[in-house]
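**Q** Need a 3D model of the sequence below.
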Amino acid sequence: MAKPKIVLAYSGGLDTTVAVPWLQEKYDADIITLTIDLGMVELEPIRQRALSIGATEALTVDGRDTLVNEFLFPSLQAGTIYEEQYPLATALGRPLIARYLVEAAKQHDAYAIAHGCTGKGNDQVRLEVGIAALGPEIDVIAPIRDWGMSRDDEIEYGQARDLPINANRSRFSTDENLWGRSVEAGELEDPWLEPPEDAYAWTSPVTATPDEPAYVEIHFEQGIPTAVDGESMGGVDLVNHLNTLSGTHGIGRIDHVENRLVGIKSREIYECPAATLLHAAHTSLEAMTLTKDQARIKARISQEYADVVYNGLWFTAHRADLNAYIQSTQRYVTGDVRVRLHKGTCVVVGRQAPKALYNYGLATYDRADEFDHSSAEGFIKIYGLSVKTENQVQSD
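**A** Down below sits the predicted model:
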């Protein structure tokens, strides 16, 4: 009789490596691992590792293009930055991972999906809510949350079974995808302490950045970046290029005490070079092309959209409705933005758009001024009428 199947989200790290035999032993099941490349993963070595520790199948998916086109760039269009600091790198990857896990479970007739999230983080919520939305009939198993083993226990468990594990303790817990890198734990848990330099990997310290600024021009089509310095690029290549360029100039370091969904505050270090640059450029282009009312309503929707993504509610009608408004606002967000990169800062220094609402003839104070100054007096009287009436009638 065939054994039941479990699909395990497999990173190749200690937790999920130990999870393979633990799931086999506890559930008497065949374990199918799934490893997904969202930008920073070498798939084949991890696949071979999974097979070597007993996985019956080791699946891999290159999800980079899908991540960029269906999650990162829509988020950029929406301007989603959680609590005005975090561009939602990890949070944007989790719904895609949930989708791939459900697809694999259905394809291989697995009754359950297992993941390596802890019991106090946001990712367990994001993954399990996503799985519930897309595969409500599929059970979810969370070994790290359920088994109660410490890191030392995991190492002993793995060594007793001759698993290929690295017993060296890392000071930090990290997660990466194309949009950013997150770092936590260790001395970072003391919010008073400055993050040590070795917490960073993608960005240079300001003292090591070039003395001369760099300038970069980004072209957007309906809110989506499509070219850098006149060269058309696909989304993955564009983000990778800007990560390297911006990181060289020390751009994208974020030190954030954030409010987790599970009710605690957590000190997080993020490196998001490309995301930081692209959000700044996109916002600048929107200032040229959106009306005042559009921009202010969109700012409110952006905050709600960020909360929805952070809280794991990607697969909801609410997010789809928010996105429908966002897409409408992006119809004329086409143009070019020039940004100066220097010593940890990215500053927009130029912007142009064929459908810009900025009108030189109306804005200038020189002889080309086309503004009808004579209309100002009547406007002011009408605009200030309610203020005048209030103070005449209700003045104390």
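
**Q** Helices along the stretch 101-250 of the chain, start to end?
**A** If you assign secondary structure with DSSP state H, counting those that start in this stretch, the helices in the stretch 101-250 of the chain sit at 123-134, 143-147, 151-160, 235-248.

**Q** Which other helices and strands does the third one contact?
**A** Yep, that's helix 151-160 we're talking about. Secondary structure elements in contact with helix 151-160, counted by 3 or more CB pairs under 8 Å, 6 or more residues apart in numbering; DSSP states H and E, are helix 14-27. (Glycine included, C-beta is placed from N, CA and C.)

**Q** circling back: ranking the helices of the stretch 101-250 of the chain by mean pLDDT, which is last?
**A** When mean pLDDT is averaged over each of these, helix 151-160 scores lowest at a mean of 80.

**Q** So what angle separates the directions of that helix and helix 14-27?
**A** Our comparison of helix 151-160 with helix 14-27, counting by axes from the mean of the first three to the mean of the last three CA atoms, to 10 degrees, yields an angle of 70 degrees.

**Q** Next, the buried residues of the helix or strand of the chain with the lowest mean pLDDT.
**A** The helix or strand with the lowest mean pLDDT-type score in the chain, counting by mean pLDDT, DSSP states H and E, is helix 151-160 (a mean of 80). Of the residues in helix 151-160, those buried by neighbour count under the rule 16 or more other CB atoms under 10 Å are Glu154, Ile155, Tyr157, Gly158.

**Q** cool, and stretch 66-76?
**A** Neighbour-count burial for stretch 66-76, with 16+ other CB under 10 Å as criterion, is recorded at Thr66, Leu67, Val68, Phe71, Leu72, Phe73, Pro74, Ser75, Leu76.

**Q** one step back: nearest to Pro195, of the helices of the stretch 101-250 of the chain?
**A** helix 235-248 (15.7 Å; CB to CB).

**Q** what comes into contact with the closest one?
**A** 39, 64-65, 68-69, 72-73, 178-179, 202-204, 209-210, 214, 216, 224-228, 233, 252, 271, 273-274, 276-278, 341, 346 (CB atoms under 8 Å, 6 or more residues apart in numbering).

**Q** At the geometric centre of the chain, which residue do we find?
**A** Per CA atoms, centre = their mean, the C-alpha nearest to the average position across the chain is that of Ala89, at 2.1 Å.

**Q** What values do phi and psi take at it?
**A** For Ala89, the backbone dihedrals are phi -60, psi -60 (criterion: degrees, to the nearest 10).

**Q** Distance of the nearest residue to it once chain neighbours are set aside relative to Ser375?
**A** If the residues on either side of it in the chain are set aside, Ala89 comes closest to Gly180, at 3.0 Å by CB to CB, 6 or more residues apart in numbering. In this structure, Gly180 lies at 49 Å from Ser375, with CB to CB, to the nearest Å as the measure.

**Q** More neighbours: which of those two?
**A** Shown here are Gly180 and Ser375; by other CB atoms under 10 Å, Gly180 has more neighbours (28 against 9).

**Q** Is the more buried one in contact with Cys272, as I believe?
**A** Yes - at 3.7 Å, Gly180 and Cys272 qualify as touching, with contact defined as CB atoms under 8 Å.

**Q** intersection of neighbour lists for these two?
**A** With the criterion set as CB under 8 Å, 6+ apart, the overlap between the contacts of Gly180 and Cys272 is Pro87, Ala89, Gly252.

**Q** Helix or strand: which one has the closest residue to the first one other than its chain neighbours?
**A** Which is Pro87. On the basis of CB to CB, 6+ apart, the spatially nearest residue to Pro87 that is not a chain neighbour turns out to be Ala275, at 3.9 Å. Counting by DSSP states H and E, the secondary-structure element that holds Ala275 is helix 273-289.

**Q** thinking again about what came up before, with respect to Met1, which of the shared contacts of Gly180 and Cys272 is nearest?
**A** The nearest member of the shared contacts of Gly180 and Cys272 to Met1, counting by CB to CB, is Ala89 at 43.8 Å.

**Q** before we move on, the earlier item: tell me the two of the buried residues of helix 151-160 that are most distant?
**A** Ile155 and Tyr157 (7.2 Å).

**Q** and Ala368, how far is that from Tyr360?
**A** When distance is defined by CB to CB, Ala368 is 7 Å away from Tyr360.

**Q** One more: Ala306?
**A** To Tyr360, Ala306 is 34 Å away according to CB to CB.

**Q** Between the two, point out the one with more neighbours.
**A** Neighbours per residue (other CB under 10 Å) separate Ala306 from Tyr360, with Ala306 holding more: 22 against 11.

**Q** what about the closest residue to that one other than its chain neighbours, how many residues close to it?
**A** The shortest distance from Ala306 to any non-neighbouring residue, by CB to CB, 6+ apart, is to Thr80 (4.0 Å). Around Thr80 there are 26 other residues, counting by other CB under 10 Å.

**Q** wait, Thr80 sits on Leu88?
**A** Yes - judged on CB under 8 Å, Thr80 makes contact with Leu88 at a distance of 5.6 Å.

**Q** Could you chop the protein up by domain?
**A** Partitioning the chain according to automatic domain parsing yields domains covering residues 5-160, 174-290+333-352, 360-394.

**Q** Nearest to Ala324, out of those domains?
**A** Across the domains of the chain, the minimum distance to Ala324, taken as CB to CB, is reached by domain 5-160, at 11.0 Å.
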